[in-house]
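Q: when you get a sec, could you give me coordinates for this:
(2 chains)
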There are 2 protein chains.
Amino acid sequence: MRVSKYLLSTQKETPADAEVVSHQLMLRAGMVRRNASGLYSWLPTGLRVLRKVEAIVREEMNKAGAIEILMPMVQPADLWIETGRWEKFGPELLRFKDRHNRDFVLGPTHEEVITDIIRKEINSYKQLPLTLYQIQTKFRDEVRPRFGVMRSREFLMKDAYSFHLDQESMDVTYDTMFQAYNNIFERMGLSFRPVLADTGSIGGSMSHEFHVLADSGEDLIAYSTESDYAANIEKAEAPMPTEPRGAATQEMTLIDTPNAKTIAELVEQHDIAIEKTVKTLIVKGATEEVPLVAIVVRGDHELNEVKAEKIEAVLAPFEFADEADIRKAIGAGPGSIGPVGLNIPVYIDHSVNVMSDFGAGANQDDKHYFGINWERDLPQAEAFDLRNIIEGEPSPCGQGTIALLRGIEVGHIFQLGTNYSESMHANVLDKNGKSKTLLMGCYGVGVSRIVAAAIEQNHDDRGIIWPAAIAPFKVGILPMNMHKSHRVKDMAEKLYQDLNDAGIEVLFDDRKERPGVMFADMELVGLPHVVVIGDRNIDNGVFEYKNRRTGEKRDIPFDQLLDFLKSAE
Amino acid sequence: MRVSKYLLSTQKETPADAEVVSHQLMLRAGMVRRNASGLYSWLPTGLRVLRKVEAIVREEMNKAGAIEILMPMVQPADLWIETGRWEKFGPELLRFKDRHNRDFVLGPTHEEVITDIIRKEINSYKQLPLTLYQIQTKFRDEVRPRFGVMRSREFLMKDAYSFHLDQESMDVTYDTMFQAYNNIFERMGLSFRPVLADTGSIGGSMSHEFHVLADSGEDLIAYSTESDYAANIEKAEAPMPTEPRGAATQEMTLIDTPNAKTIAELVEQHDIAIEKTVKTLIVKGATEEVPLVAIVVRGDHELNEVKAEKIEAVLAPFEFADEADIRKAIGAGPGSIGPVGLNIPVYIDHSVNVMSDFGAGANQDDKHYFGINWERDLPQAEAFDLRNIIEGEPSPCGQGTIALLRGIEVGHIFQLGTNYSESMHANVLDKNGKSKTLLMGCYGVGVSRIVAAAIEQNHDDRGIIWPAAIAPFKVGILPMNMHKSHRVKDMAEKLYQDLNDAGIEVLFDDRKERPGVMFADMELVGLPHVVVIGDRNIDNGVFEYKNRRTGEKRDIPFDQLLDFLKSAE
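A: Just a heads-up that it's a prediction; the model follows:
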């Protein structure tokens, strides 16, 4: 591709409204443009990357035996009413009416449509197992779209759905998909990690997320230093306390703590160990009868919202209570709440259960109790795993200790069980002619999100550093002052022709621009291999080669360059 | 692909609700399924064809120098307000609000979005000409979706847009695209015809449609028997009358015609030549002041609505007046209307202008005037080309006579002029630093529609007959009783392996089905080449080969089959 016939559209300035580096670089490198909040057009360079990601996903799905189909983006509301998601799904589900006043949605996912197809097309166990997938545009009406294509409203996804007669078959396909996902991210040259994931409100028995590792990732991954164990911190089980609860040695005392709004201030001002304090968090309850629920974790621990949301009395999705409601119900502000004498249901973390002589808010503004002991000062509360695991704690797998990494979720695989097939009556006849409800798996890859995640992981202060497999072009040709030097022009044109003939994707900067501008653009766009051609090179019979990732520069004789580039990764 | 691991989903019965043969065969061959009115899912066999069509379109666009991008399906209303189409576009434009109550549309086309991108990215003539294209899902809220994917609401299109500083550059790109379109349909193995097209309400100076020829086509194409001339009948100019108007020889007489509601009845009952009669059609006017307009064509001619719509006083899009409004305004029903003494504007076809002594409705129920003459009996009316050209008339190109063909429109190219760039202020600086409004071209291909059109053109009573380039698989393998004969199974498996290794796409029917069922499915799905393997063949050392299109059957020795299939078209 000649830049003069292309839409390069690079920008020097970092756009002010782009918060994360991938978004900044995608705008600067001319990959995407914003059409409206959460809506992006993919310019040529961006689309080339998107299509490569898409192609790798497609190839690996096909290899895994999944069959490609294409379902409509616009879906009839009837199907969503059938599964109950028409009511349950929040405003992220974009609902609209057609000209005949019939209800439709813009599909954020396709469980309903695929289950409707399968219940009509599949009647017998002989047609199972079957895995279908599509690579299709989805829409999710995010309340606050951000980070460019990382969390946009319209995006490209690969979604696959598998159908099974029994759990054994489900497990086999799940393993096949797990392996296919590993292949996908490996082929893309990304550093990634499959992690155990929470199955969330979707239910089901087994789930893994695939994360591209990047310091800027929104997710925390807990992994074992000694085994393959890795889990989203949402999911990673915190270790049970090993020591028993200590005996009560102190009286419970009411203390004035006017300046202690936080645990840190309490610990600093009142000579109490942080492990002897608790945080009491008031969250919304699941029903009108129980509008508020108290969750208690140790002062040095972090609440895990996903774990808390599993308590039946807690509203899902998890939401903290408003301060006004707390004050009205309890008579004190969030900084002074504690489990003693509390008039709403209390749930505690396992580590709180073994505490003795501990401090907590007194449910009166600016006051705490110290020396609290279970059963003596307050009734025993039900204990759950409600906190995040901490770096250095023993791994739930039994081997090694936990370390933490940041990741960007780019894939998610699920065993759904009969969640959809039951409500939609997707049954087949088994060998004995008996009707059985299908088991389902679903497997998503965020195709457009991968592009952003790859950049978060692969960039420096000059621009993007593409892994070869998803680079928009493999090679860049930079001729120096080609519009003044015929020798340079001829040599550059010949090299361009040779590389094209060899099937190597090449971007040839044939603009009348200063070398500095051309170099900066080439580094920004991040092609893996750059060949510079100037009069000096022609005199010496060598091209100047630069590797974008390693920064390595070397001279390569004319006749060796093609072979070098062919075999370069 | 093994049928046992595939979703073949063929059906024996012709679906009752499918009107046209392509829709019937696409349902029966398991290519698509209806999710709701005008919304279809592409099952594996359908999608394979769709992707092949898409790939050919993409390759030819790339060869023509067009650059691929991807714009969002959801578009902000602002842009449509800017060009005035938010108001002008009918209810086919699906409008909706997002969760923040902002207006959006589901894109039926992308002129607004691309022009918005270009006005921001392109500033200088040096970046021109530029042609961008996308292959993207579109949505048009058809009032009556029908014919399956031929006229669905959600569909796949290739749309390209070119930008130019001057008309010369516009013409060059238009010719390049014209050639690319010819290449596309030729490569697909379709019988097609590029035809001159009306530029319609979009305006612009030049337009061609590309039609796949099929007897079931909705469009009529007028072409010259002796030249390359071909035009949509909407556009083809009828020849001007060569003879002058005849002299008046009869008095105008009022005749009772109680049983003549149509021209045919009038001619039959009243001994008048059809060429001496006229039809007077009352259509809606463009303004409130002129709500009705009369259009007069000769009795044996057909009104051309697209031509009539170009008269300024006529409403666009063209609409016939309601009978009640006609009766109220004129005092007679549609069967008795004529130009004499008519109290609304009258426009006549050129051939009516040269008529003398003619008959027409008298604007009284059950009465006609005979012996009408212009200027004597009624004022001269303005004459236009308002009728369809007729088979056998001289071609507008000056060579040969006109013949007619039926076609399905699958492509349309346009010179748009400054229609969008002016209202959206898409300007660049020319060589002299002067701001100039961009010229635009647009170029559409109905990707999903091509699949249906190809079937309309290529089928017989047993099913589809795919052109090789867009067949879902090139070869089908039909083993006879493989589940009883080890020899057949081994031979079929080996052939399947060999064809896969040779990169030939093959569908291997490994089901436990009766040969009759397997044969019928294979013919229905329409693979170009079928290889039958039975015990008899193994005894004789030959495969039984059948060509789907020609019906040719022959035996091919084992060792020659692979080469034969490799080179077969």
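Q: any low-confidence regions in chain A?
A: Residues of chain A meeting the criterion pLDDT under 70: A:200-204.
Q: domain ranges for it, per the record?
A: A:3-206+A:417-455, A:253-384, A:475-568 (the TED database).
Q: end-to-end on the last one?
A: Start and end residues of domain A:475-568 are separated by 10 Å (Cα to Cα, to the nearest Å).
Q: please, which helix or strand holds the residue most central in space within chain A?
A: By Cα atoms, centre = their mean, chain A has its centre lying nearest to A:E409, at 2.0 Å. Using DSSP states H and E, A:E409 sits in strand A:402-417.
Q: okay, buried residues for that strand please.
A: A:402, A:405, A:407-417 (16 or more other Cβ atoms under 10 Å in any protein chain shown). The C-beta positions use only the backbone N, C-alpha and C, and glycine is treated the same way.
Q: put together TSV for those, with distance to A:Y161 on each row.
A: TSV is the format used below for these (distance: Cβ to Cβ, whole Å):
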residue	distance to A:Y161
A:I402	34
A:L405	30
A:G407	25
A:I408	24
A:E409	19
A:V410	19
A:G411	15
A:H412	13
A:I413	11
A:F414	10
A:Q415	12
A:L416	9
A:G417	13
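Q: now distance to chain B too, for the residues you listed, in TSV please.
A: Output for these, formatted as TSV (distance: Cβ to the nearest Cβ, whole Å):
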residue	distance to chain B
A:I402	39
A:L405	32
A:G407	27
A:I408	22
A:E409	23
A:V410	19
A:G411	21
A:H412	23
A:I413	20
A:F414	21
A:Q415	21
A:L416	19
A:G417	22
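Q: returning to what we had before: shouldn't the residue nearest to the centre of chain A be in contact with A:H211?
A: Yes. With contact defined as Cβ atoms under 8 Å, A:E409 counts as touching A:H211 (5.6 Å).
Q: and for the two, which residues touch both?
A: Common neighbours of A:E409 and A:H211 (criterion: Cβ atoms under 8 Å, 6 or more residues apart in numbering or on different chains): A:D219.
Q: pull up the residues of the stretch 301-450 of chain A that are close to chain B.
A: Residues of the stretch 301-450 of chain A lying near chain B by Cβ under 8 Å from any Cβ of the partner chain: none.
Q: the stretch 301-450 of chain A: helices as residue ranges?
A: Listed in chain order, the helices of the stretch 301-450 of chain A (DSSP state H, counting those that start in this stretch) span A:305-308, A:323-330, A:350-353, A:419-423, A:447-457.
Q: highest mean neighbour count out of those helices?
A: helix A:447-457 (a mean of 26; mean count of other Cβ atoms under 10 Å in any protein chain shown).
Q: and the stretch 101-250 of chain A, which residues reach chain B?
A: Proximity of the stretch 101-250 of chain A to chain B, by Cβ under 8 Å from any Cβ, involves residues A:102, A:104, A:106, A:113, A:116-117, A:120-121, A:127, A:130, A:132, A:137, A:139, A:141, A:143, A:153-154.
Q: and the residues you listed, which of them are buried?
A: A:104, A:106, A:113, A:116-117, A:121, A:127, A:130, A:132, A:137, A:139, A:141, A:153-154.
Q: just the ones of those in strands?
A: Among these, the members falling in strands (DSSP state E) are A:F104, A:L106, A:L130, A:L132, A:T137, A:F139, A:E154.
Q: ignoring the adjacent residues along the chain, who's closest to A:E121?
A: Spatially, and ignoring its direct neighbours in sequence, A:E121 is nearest to B:S9 (5.0 Å; Cβ to Cβ, 6 or more residues apart in numbering or on different chains).
Q: three-state assignment of the one you found?
A: Following DSSP: H, G, I helix; E, B strand; the rest coil, B:S9 is assigned to coil.
Q: neighbours of it, how many?
A: Neighbour count of B:S9, defined by other Cβ atoms under 10 Å in any protein chain shown: 20.
Q: show me the contacts for it.
A: Per Cβ under 8 Å, 6+ apart, neighbours of B:S9: A:E121, B:G30, B:R33, B:L43, B:T45.
Q: do that again at 10 Å, thanks
A: Listed by Cβ atoms under 10 Å, 6 or more residues apart in numbering or on different chains, the contact partners of B:S9 are A:117, A:120-122, A:127, B:27-31, B:33, B:43-46.
Q: over to A:E111?
A: Counting by Cβ under 10 Å, 6+ apart, the residues that A:E111 touches are A:79-80, A:83, A:85, A:159, A:161, A:202, A:416, A:419-421, A:424, A:440, A:442.
Q: all strands of the stretch 1-150 of chain A, in order?
A: Applying DSSP state E, counting those that start in this stretch to the stretch 1-150 of chain A gives strands spanning A:32-36, A:39-42, A:67-68, A:74-76, A:94-97, A:103-106, A:130-139.
Q: and whichever residue of the stretch 151-300 of chain A sits closest to chain B, how close does it get to A:M71?
A: Closest to chain B within the stretch 151-300 of chain A is A:E154: 4.8 Å, counting by Cβ to the nearest Cβ. As defined by Cβ to Cβ, to the nearest Å, A:E154 lies at a distance of 16 Å from A:M71.
Q: do A:F139 as well
A: 13 Å.
Q: what is in contact with these two at once?
A: A:G107.
Q: who's in contact with the residue of the stretch 351-500 of chain A found nearest chain B?
A: Closest to chain B within the stretch 351-500 of chain A is A:S448: 9.5 Å, counting by Cβ to the nearest Cβ. Neighbouring residues of A:S448 by Cβ under 10 Å, 6+ apart: A:32, A:40, A:42, A:46, A:49-50, A:53-54, A:137-138, A:148-150, A:152, A:154-157, B:70.
Q: switch to 7 Å and redo it
A: The contact partners of A:S448, taken as Cβ atoms under 7 Å, 6 or more residues apart in numbering or on different chains, are A:L50, A:V149, A:F155, A:L156.
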